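# give the three-dimensional model of this entry:
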Amino acid sequence: MPRIPIFRLGSSKERVVPPKLARYTPLLILEGLSAGIDNLRHDVYLSPKFVEQMRLQMTRLVARHGNVEGLLAADSPLATGKKAHAAYRSPGTSSTLPQPQLADIKSLLTELQVAALNRAKRDGNISVDLLARLAVIKFLRSELLSQFAQVLERCRILLKGYEGVRQQTALEFREKVAGFQVAKKTVLRRAGQELFQTLQEIEKETLARMRRSLFGETAGADYSLFINRLIFTDDGRDDHLNADHYVMLGNWDRDPDRFPQMREIACAFLKALDLGPDANDLSVVDSWLNSPQNAQELVAGGTPDVETVEGTAQEARLAVWIELLEDAKVLEHVIASYEVVPLLSEYSPRINAQQLKNGLVSRAECARVEKLIKDHSRLSTDSLLAAVERVSNCRGAERAKVAGRFLRDFLRYHRDLRRLETLNSALDGINLLGNEKLRELSAVNGTLYEFLLAEEQRPTEDKVIHHVILKADIRDSTKLTRSLVERGLNPASYFSLNFFDPVFKLLPKYGASKVFLEGDAMILSILEREGEPGFAVSRACVLAREILDIVRGYNHLLQRAGLPSLELGIGISFQDAAPLYLMDGEQHIMISDALNESDRLSSCNKRARKTVEPLESLFNVYAFQTISDADAGENADDFVMSYNLNGIRINEAAFRKLQREISLQTTHLDVPALWSTEQFKLYSGLVPVGNEIFRRIVLRESQIPQIDPRNSAFRRWTDRTYYEVCSNPVIYQMLEEESATGA
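Okay, here's the model as predicted:
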């Protein structure tokens, strides 16, 4: 490698500002975890059901990608007359191939990782979830190799059963098994990529949103380490995988475009760009190489806009990059690495991928590849020769574009290779326990981390520690009932069909139960037991929103039919204690302060309604105090007029509990304030309702104003606050538009 001079980009008249490069260094730190029984690694025990069913599913996965599914299912002429696969049963697995009713790979992985997230939330330590993710990756890696070996052994034992009989069938099976054995790398790559795709989908569809809901933006926890295409490769060097998703570098000792050489060229390129003293720090240079977006900043993907000052600088940097590649005699290899991709499906694995690529650059190697192709009479050399011509004719702007693309792809590969190294280092600290004695020893010493499926969780004491009361009250029910009776309609069926029955269907979804019904209201409870994840308040808020959505939908139908609409007020009260009960025969009657408080929170004062309705506010809950704090003393609630029309009001204890249950982010929306001086705050958060179901809630915290009770004129803002779960769909639509604009 020749010495690279320091290039000064730009003219003497106009100094070009050096590019600002992003930095990224993969890092995975496990904090607050106990060392295992060997005092070096963390002991992890994975769900027995998960392990058993994953083994069965991975057997199917390997057999399918190895094209031996039919072979394993075939009858064997053994003297017993039983299926062949019964003879090669592996320890701890079923005697037959996995049946369709087994949970699939995605379901198993989702359920276990969601359980791990919930445990991390209970422990208040995100490292518990990171530990579970590491353990799952380690298990999948080892099991992939193990299942390949077991499937191969089963096939060999099956072939022995065909010796001496049905020679034609035995010959066909022998060829299949030989092909399966030879294609080991291909089978493992395809199976590994399917596992990767599954993990990627789970992360995107479920885990990422649930993690944000429980922990917010988890700074310091780099989950991108687990979503890396290289995680199921030995060392990150797989020609086919790299060709499809990165760039296929050389692997042979004589190749000039091997990774170490290409990294040296990339480092020299960065040092040649006058990036200051940081360019001499190897760790900083490495962090630059881990950021693919730097390729766009440096060379604009090989197509800079020379009409701008920055584009001129990018063009000059691109010229430096191309010169370095040409001086090292690797640019042709880079061009060939892209041209070889469509050839792999046609000629490989008969011809080695590296040999194919080198054949596009070297005439001697091309002749050898042509001979190999001609040895297979069914193959044509047309595609190869066309690719050779494209490589030799790549000039000018097209050559520059390939060089720019290569810089981006190389940085992507460099980043994922560093992520793989970080992951491998962390995996060395995981001790997967399968031995029952070691498991018991670790558990007794309090060093075991168990990650079990829901049905395997050890039963905890059925002890209620908190409870939430939700009251949904129908506004002006007396007037509504009289109106229905005057029209000859049945108020009971009206309320039942349009309110009570649809809401009751929601209760199992949120773990809620009916406390009792009044003529115009229902009172529901959500009990929080010891050892549960603890989402009582957040789920009560989502349930309240859904109740209002249901009533809103029925109101559209009622209006079309000329019937009166329903109006509600919902109050939610949280109590940091279990409720008490009276016994009326066999019936339990709940006693709780939350019952009275939820009634007050759901109420709507007629005078307050007359004051607020003309404002046409986007909020549905307000509170007004009619005397000063000093005059009110401890009985301030007795002098508060509440407005709650199709709204959800929660007490302060519920708001504080909600802050512990999910991550609430402060948000801003351009919404008119009350009397133009109202200082309210808006919070937004995601509530996990199911494995892949999340609902957003927006909360408003505002001060209670003191008003003149005679004319409702504003006097001053008090120090007291009230809380609303926003129910107006317009608020959520504005939030989505705000997020889209920010993105």
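# hey, let's count contacts and neighbours off CA atoms from now on
OK.
# so which residues make contact with the helix or strand where Leu109 lies?
Using DSSP states H and E, Leu109 sits in helix 105-123. Applying CA atoms under 8 Å, 6 or more residues apart in numbering, the contact partners of helix 105-123 are 47, 50, 54, 57, 126-129, 132-133, 198-199, 202, 206-207, 211, 214-215, 451-454, 531, 533, 691.
# would you mind checking the residues you listed for buried ones?
Among the contacts of helix 105-123, the ones that count as buried by 16 or more other CA atoms under 10 Å are 47, 50, 54, 57, 126-129, 132-133, 198-199, 202, 206-207, 211, 214-215, 451-453, 533, 691.
# follow-up on the earlier one: angle of the helix or strand following the helix holding Leu109 against helix 105-123?
Later in the chain than helix 105-123, the nearest helix or strand by DSSP H and E is helix 126-160. Helix 126-160 runs at 150 degrees relative to helix 105-123, counting by axes from the mean of the first three to the mean of the last three CA atoms, to 10 degrees.
# returning to that earlier point: okay, and which of the buried ones among the contacts of helix 105-123 map to strands?
Those of the buried ones among the contacts of helix 105-123 mapping onto strands are Phe451, per DSSP state E.
# and the strand or helix carrying His588, average pLDDT?
Following DSSP H and E, one finds His588 within strand 587-591. In this model, strand 587-591 has an average pLDDT of 82.
# next, the buried residues of the helix or strand that it is followed by.
With elements assigned by DSSP H and E, the helix or strand that comes after strand 587-591 is helix 593-602. For helix 593-602, a neighbour-count test (16+ other CA under 10 Å) marks Ala594, Leu595, Glu597, Ser598, Asp599, Arg600, Leu601, Ser602 as buried.
# wait, what's in contact with the fifth one?
Translated: Asp599. Lys471, Gly571.
# ok, it to Ser392 distance?
Applying CA to CA, to the nearest Å, the value for Asp599 to Ser392 is 82 Å.
# next: Val128.
Distance from Val128 to Ser392, by CA to CA: 54 Å.
# could you do Ala243 as well?
20 Å.
# then Phe269?
Distance from Phe269 to Ser392, by CA to CA: 25 Å.
# low-confidence ranges, the stretch 451-600 of the chain, go.
Under the criterion pLDDT under 70, the flagged ranges of the stretch 451-600 of the chain are 458-462, 583-586.
# show me where it has helices.
If DSSP state H, counting those that start in this stretch is used as the criterion, the helices of the stretch 451-600 of the chain fall at 477-486, 491-495, 501-504, 507-510, 536-560, 593-602.
# the fourth one: which residues count as buried?
For helix 507-510, the neighbour count (16+ other CA under 10 Å) marks Leu507, Tyr510 as buried.
# with the fifth one instead?
By neighbour count on 16+ other CA under 10 Å, the buried set for helix 536-560 is 536-549, 551-552, 554-555.
# neighbours around the nearest residue to Leu453 once chain neighbours are set aside, how many?
Leaving out its chain neighbours, the residue that sits closest to Leu453 by CA to CA, 6 or more residues apart in numbering is Leu112, at 5.5 Å. Using other CA atoms under 10 Å, Leu112 has 21 other residues around it.
# tell me the buried residues in stretch 108-119?
For stretch 108-119, using 16+ other CA under 10 Å, the buried residues are Leu108, Leu109, Thr110, Glu111, Leu112, Gln113, Val114, Ala115, Ala116, Leu117, Asn118, Arg119.
# in the helix or strand harbouring Ala191, which residues are buried?
In this structure, Ala191 is located in helix 184-202 according to DSSP H and E. Neighbour counts over helix 184-202 (16+ other CA under 10 Å) mark 184, 186-193, 195-200, 202 as buried.
# could you check the angle it makes with helix 105-123?
Counting by the same axes, to 10 degrees, helix 184-202 points 50 degrees away from the direction of helix 105-123.
# what sits up against helix 184-202?
In contact with helix 184-202 (CA under 8 Å, 6+ apart) are residues 61-62, 65-66, 105-106, 109-110, 144-145, 148, 180, 227-229, 231-233, 241.
# same thing with stretch 676-684?
Contacts of stretch 676-684 (CA under 8 Å, 6+ apart): 664-669, 673, 696-703.
# pick the one among those closest to His42.
Nearest to His42 among those, counting by CA to CA, is Leu664 at 32.0 Å.
# just give the nearest non-adjacent residue to that closest one, would you?
Leaving out its chain neighbours, the residue that sits closest to Leu664 by CA to CA, 6+ apart is Gly685, at 4.8 Å.
# now Leu298
Going by CA to CA, 6+ apart, Leu298 has Gln314 as its nearest residue, at 5.7 Å.
# report all helices and strands that the helix or strand where that neighbour lies contacts.
Under the criterion of DSSP H and E, Gln314 resides in helix 309-327. For helix 309-327, the packing partners by 3 or more CA pairs under 8 Å, 6 or more residues apart in numbering; DSSP states H and E come out as helix 259-271, helix 293-299, helix 396-427.
# list of residues touching that helix?
By CA under 8 Å, 6+ apart, helix 309-327 touches 9-10, 16, 265, 269, 273, 297-300, 302-306, 331, 400, 403-404.
# and that helix with helix 259-271, angle?
Following the same axes, to 10 degrees, one obtains 140 degrees for the angle between helix 309-327 and helix 259-271.
# any idea which strand is longest in the chain?
From DSSP E, the single longest strand across the chain is strand 693-707.
# how much does it deviate in direction from helix 536-560?
Using the same axes, to 10 degrees: strand 693-707 against helix 536-560 is 90 degrees.
# and strand 693-707, what's its mean pLDDT?
Per-residue pLDDT over strand 693-707 has a mean of 93.
# got the buried residues for it?
694-695, 697-707.
# also stretch 624-634?
Phe624, Gln625, Thr626, Ile627, Ser628, Asp629.
# next one: stretch 448-468
Buried positions in stretch 448-468, judged by neighbour count with 16+ other CA under 10 Å: Leu448, Tyr449, Glu450, Phe451, Leu452, Leu453, His466, His467, Val468.
# ditto for stretch 319-327
Under 16+ other CA under 10 Å, the buried positions of stretch 319-327 are Ala319, Val320, Trp321, Ile322, Leu324, Leu325.
# for that stretch, what is the distance to the chain centroid?
Averaged C-alpha coordinates place stretch 319-327 at 40 Å from its chain's average position (CA atoms, centre = their mean, to the nearest Å).
# now do stretch 345-360
Using CA atoms, centre = their mean, the offset of stretch 345-360 from its chain centre is 37 Å.
# ends of that stretch, what's the gap?
16 Å.
# same deal with stretch 571-588?
By CA to CA, one end of stretch 571-588 lies 23 Å from the other end.
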